[in-house]
Structure formats: structure tokens, C-alpha cells
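Participant: predicted model and sequence follow; I will ask about them next.
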Amino acid sequence: MDDFVDIIGLQPLIDESGLELEGERNFEVIYSQLVSKQRHAHTVEKIERRIDDYFSNLALPDGATIYDRLLISLRSTDAVFTFNWDPFLFDAYERNRDAVPLPEIFFLHGNVRIGACREHDRWGARNGRCADCHQRFTDVPLLYPISQKNYSADPYIRRNWEAAETLFSEAFTMTIFGYGAPDSDTDAVKLLRRAWFAQGKRTLEHVEIIDTAPQTLLHHRWSPFTPTLHYHVTTAFEQCRIARWPRRSCESLFYPMTQGLPCEDFPLPSTDSIAELRAYAADIARHEDGLRLYAP
Ligand SMILES: [Zn+2]
């Protein structure tokens, strides 16, 4: 988060507030300091709006992206948990949703494309309407001060964290894609780890990590999730299990474990054409009727 202030252009707003930074570059620390003083309320509001504008205006290119590839390579029995505010996963979901059944996405830190009805526990596209009361959704907050990361204050966010706990405890395997687990998320990582081991019978963990960080750093960061060290690191999405066995990532792991036979990979074609990718994924999806939910 050290470049965040420069990327979003927040420095003039911080200067205007008169806050003494004393060399601090971490936006989350700066934001927490601003929120803690009522006299900075106006600055906080302006910063929140600037961040929202920045991310809201981002858009996917027309050609296939890694977001399209990721989503169409997963099934509705999979789930995606993201800390990203940017709209790329949401937009990729919207444009691929009719092609093949997609996984549900859980936005653990909110997202610029979504809104929610607090009263009826419904959510959808920002500015959409609640199916129960027909009121417009209200925006989901993006920023949570480090000192008081209270994810239960907002019902939408709380529901997402509850889902994370439940689904992490039931998951057969997990892929961690480019998540740095910053110090400000220590509690979040602890919660997910607790959930991952909640069932008490997870004797062989299968965790895959897609990250370009040094191996020693990744080991330090993620070994608490893998006491038996069954984790595998790749530096590119194309090398990971989801990409090599689209829509069959769990089976690609389970089949060799139970049958003692390797299974050949069948990665998505390397093309910029979304239509071509969707056709390939749809062909795989045709065989999913009656494919049982994975039950270890
Ligand atoms: Zn409602």
C-alpha cells in the first residue's frame, strides 16, 4: 500500500488536512489516523470519494483477460474470495455469466460495483434495486480503519465473512492468488486459518499459491496454513491447477490421490478471444450435469 497515495493522487488531500505524516507512506495507517480525529472528517470524505471514483472508472479491455479465464475455469461448486476494490472480477462475471455456470464471488472488503439492502440481506450491482423492498441498493463501504477493522458493522460485509468461514472449513483445496496478507489483515488471515482447520480432520492440506514473491517470504507467510507442507507455488496463473484443469481442478487432485493414476491437463487455449474461451469452457461444462458435488 506504499504506492497507493501516489497512484490515486491523494497527497494534495492529505497535505490539505495538515496531518503530520512523519515519513509514513502506508495509506492504511494514514487513513486510520485521519479517521480517528473528527476534525479530519471532511478530508476522509473526500479521500473516500476519490478512491471510489478511481476504481469505479477502471474497465476491462474487450479481449479476454485473466479475470475471464479464472471465472470460466471454476464451477458453481467453487467460490472466489477477494479483497479487491477494483471492478474487474465483477465485470468479468457479468460478461460471462450466460456462457457457463460460474462460481459465487465474495467481496471481503467491499467493491465499487456492488450495493446492498441492509434490511433484506440482498446485494447486487451498485444502483440496482432490492427484490424485496424495491429500494435502491446503498453502497458497501470500502475502507475499514486498521485500528478498528470491524467487518461485522456492515451486514453485507458480515455475511461475506461468515460465508468465508463456512466455505473455508468445507473446502477441499485452496488457491491463493497474489494476496500479500498485509499486517493490517492479520485478524482476517487468522480467521481464515481457523476456519481452514475448523473441521479438525484436515490432515493433508492442498494449498496452491500463485505469487512472484521470494519463496522464503511465501513459506513464512503461508506455512501456518500448511503444517504438512503440501503447498505448491507457481509464478503464473497459467501454471496453476485451475488453469491446467479448467472446471475440474478438484478432480485433477482427487483422481490421482484415489486411483494412483495421473490425469492429463487440458488448459484453456491461449487466445485473446473471449468467444473462443467460452466455447471451450462450455464444452467442458456440457459434461457437468449429474457431476456430483465434490465430497471428500
Ligand atoms: Zn430491501
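Facilitator: Here it is on my side, so go on. Residues are numbered from 1 along each chain as shown.
Participant: and the strands in the stretch 1-150 of the chain?
Facilitator: Counting by DSSP state E, counting those that start in this stretch, the stretch 1-150 of the chain forms strands over residues 79-82, 104-107, 114-117, 122-125, 138-139, given from the N-terminal end onward.
Participant: packing partners of the last one?
Facilitator: Using 3 or more CB pairs under 8 Å, 6 or more residues apart in numbering; DSSP states H and E, the elements in contact with strand 138-139 are strand 114-117. C-beta: built from backbone N, CA, C; applies to glycine.
Participant: deepest in the core, which of the strands of the stretch 1-150 of the chain is it.
Facilitator: Here the criterion is mean neighbour count by mean count of other CB atoms under 10 Å, and of the strands of the stretch 1-150 of the chain the winner is strand 114-117, at a mean of 22.
Participant: pairing partners for it, with directions?
Facilitator: As defined by DSSP bridges, the strand partners of strand 114-117 come to strand 122-125 (antiparallel), strand 138-139 (antiparallel).
Participant: beyond the helix or strand hosting L217, next helix or strand please.
Facilitator: When secondary structure is defined by DSSP states H and E, L217 falls within helix 215-222. Counting by DSSP H and E, the next helix or strand C-terminal to helix 215-222 is strand 231-234.
Participant: contacts for that following strand?
Facilitator: With contact meaning CB atoms under 8 Å, 6 or more residues apart in numbering, strand 231-234 is reached by 205-211, 215, 218, 222-223, 225, 240.
Participant: most neighbours among those, which one?
Facilitator: Taking other CB atoms under 10 Å to define a neighbour, the member of those with the most is I209, carrying 24 neighbours.
Participant: looking at the strands paired with strand 114-117, which is closest to S76?
Facilitator: When the strands paired with strand 114-117 are ranked by proximity to S76, the top entry is strand 122-125, at 17.4 Å, counting by CB to CB.
Participant: for R241, see how far away P269 is.
Facilitator: To R241, P269 is 18 Å away according to CB to CB, to the nearest Å.
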